[in-house]
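J.: Next come a sequence and a model predicted from it.
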Amino acid sequence: MSIEATTAAVAQFRNLGLEGGMAGVQFRKAMASLAAPTDQAKDALKRYGVELADVDPQTKSFKEIMVTPGEAGLEA
């Protein structure tokens with residue numbers, strides 16, 4: 001992930017109301033969770049028709065990862 005993409009991703013967390021340091025922590029947690037998902041996370045994604053390959057940070061941009069669950073009908 002490029003520095004530009006990383007900065008944009010952290011900025012999105014900031015836009016959600018997280019302060020700078022917390023935005024970075026949440027971004028890191030999100031990427032770590034996607035890099036090594038639990039069986040529970042895999043099952044949850046599968047219920048919405050989302051495969052791990054659809055949200056793999058090794059092959060997808062942060063924007064693609066964030067859009068995918070929304071397109072599958074997942075809401076916060």
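T.: Thanks, I have the structure now.
J.: contacts, neighbours, all on C-alpha from now
T.: Will do.
J.: which residue of this protein sits farthest from its center?
T.: With distances taken as CA atoms, centre = their mean, the residue sitting farthest from the centre of the chain turns out to be residue 19, at 17.9 Å.
J.: any idea how far that one is from residue 8?
T.: Taken as CA to CA, to the nearest Å, the spacing of residue 19 relative to residue 8 amounts to 14 Å.
J.: What mean pLDDT does the helix ranked longest in the chain get?
T.: Using DSSP state H to define each element, the chain has its longest helix at helix 20-35. Along helix 20-35, the predicted confidence averages to a pLDDT of 78.
J.: So which residues make contact with it?
T.: For helix 20-35, the external contacting residues (CA atoms under 8 Å, 6 or more residues apart in numbering) are 9-11, 13-14, 52, 55-58.
J.: pLDDT averaged over the helix or strand that that helix is followed by - what is it?
T.: Toward the C-terminal end, the helix or strand that comes next after helix 20-35 (DSSP states H and E) is helix 39-47. Summarised as a single mean, pLDDT over helix 39-47 is 88.
J.: what packs against the next helix or strand after helix 39-47?
T.: With elements assigned by DSSP H and E, the helix or strand that comes after helix 39-47 is helix 62-71. Using 3 or more CA pairs under 8 Å, 6 or more residues apart in numbering; DSSP states H and E as the contact test, the elements touching helix 62-71 are helix 3-15.
J.: how about the helix it packs on: buried residues?
T.: Judged by neighbour count (16 or more other CA atoms under 10 Å), helix 3-15 contains these buried residues: 6, 9-11, 13-14.
J.: what's the distance between it and the middle of its chain?
T.: Its chain's C-alpha centre lies 12 Å from the corresponding centre of helix 3-15 when counted by CA atoms, centre = their mean, to the nearest Å.
J.: And for stretch 41-57?
T.: Per CA atoms, centre = their mean, the centroid offset for stretch 41-57 relative to its chain is 11 Å.
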